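*Asks:* With the sequence up front, the predicted model follows.
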Amino acid sequence: MHIAIVGNIGAGKTTLTELLAKNYGFEPVFEAVDNNPYLEDFYSDMKRWSFNLQIYFLNSRFRQLVDIQKSERNIIQDRTIYEDAYIFAENLHDMGLMTTRDYENYEAIFKNITAFIKPPDLLVYLKASVPTLVNNIQRRGREYEIGIRLDYLSKLNDKYQKWISGYKLGKLLILDKDKLDFANNTEDMATIVQMIEREIHGLF
């Protein structure tokens, strides 16, 4: 079983991944943020480092997926390879922060890679408004995230909406983070588990 949690920066993906992994006894697989050699540079000069950052993410996510598919383990994954392409790289190109040449190169690599991977059994989308995202980003206090622009978060939300509305690769569950406080409210967490059970019923 492979469940993937997707959503914008600050939507609560890592927290939900941890809580669900604990609840189901699944193995959590996290995004390589802390060891990423490009993140800090990217946030200080997006145009210069956008392509490098996205290639780094694409490569590390592909390695993760190969490991997931080789193993017989049940996995909860924090963020997917699809977001790298359909949300972040596309948005950087739209904003003029990645050249068309780099973006087309990136797209070609992504298409080659995704021919070798299986989509998750269930995709859980954490939908959140910009104020909710900002609140969460400020609360966790990662230095390189403090300067993230509101228009950047807003554009990412638009990209998520577009991608999710056309998602056809497997089962999909949309959760409204503005109305759910799963980190502090056990009832909200129980509701989410119930909704996931309903979606994956029969897949175990």
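*Replies:* Arrived safely.
*Asks:* Report the rounded mean pLDDT for the lengthiest helix in the chain.
*Replies:* For the chain, the helix with the greatest residue count under DSSP state H is helix 46-70. For helix 46-70, the mean per-residue pLDDT is 92.
*Asks:* try stretch 149-157
*Replies:* On average, stretch 149-157 scores 90.
*Asks:* who's in contact with that stretch?
*Replies:* Residues outside stretch 149-157 that contact it (Cβ atoms under 8 Å, 6 or more residues apart in numbering) are 8-10, 87-88, 91, 94-95, 128-130, 133-134. C-beta coordinates here come from the backbone N, C-alpha and C atoms, glycine included.
*Asks:* circling back to that earlier point, and the longest helix of the chain, what does it pack against?
*Replies:* helix 39-44, strand 75-78, helix 81-83, helix 90-94, helix 100-114 (3 or more Cβ pairs under 8 Å, 6 or more residues apart in numbering; DSSP states H and E).
*Asks:* can we see that at 10 Å?
*Replies:* Using 3 or more Cβ pairs under 10 Å, 6 or more residues apart in numbering; DSSP states H and E, the elements in contact with helix 46-70 are strand 2-7, strand 27-29, helix 39-44, strand 75-78, helix 81-83, helix 90-94, helix 100-114.
*Asks:* now for those, which one comes closest to Ile174?
*Replies:* Nearest to Ile174, of all these, is strand 2-7, at 9.9 Å by Cβ to Cβ.
*Asks:* okay, and for this structure, where does confidence drop off?
*Replies:* 32-34, 144, 202-204 (pLDDT under 70).
*Asks:* residue contacts, the residue nearest the centre of it?
*Replies:* Centroid-nearest residue in the chain, with Cα atoms, centre = their mean: Arg79, separated by 2.8 Å. By Cβ atoms under 10 Å, 6 or more residues apart in numbering, Arg79 lies in contact with 4-7, 9, 11, 13-14, 17, 29-33, 57, 61, 64, 87-88.
*Asks:* Apply 8 Å and report the result again.
*Replies:* For Arg79, the contacting residues are 4-6, 13, 31, 61, by Cβ under 8 Å, 6+ apart.
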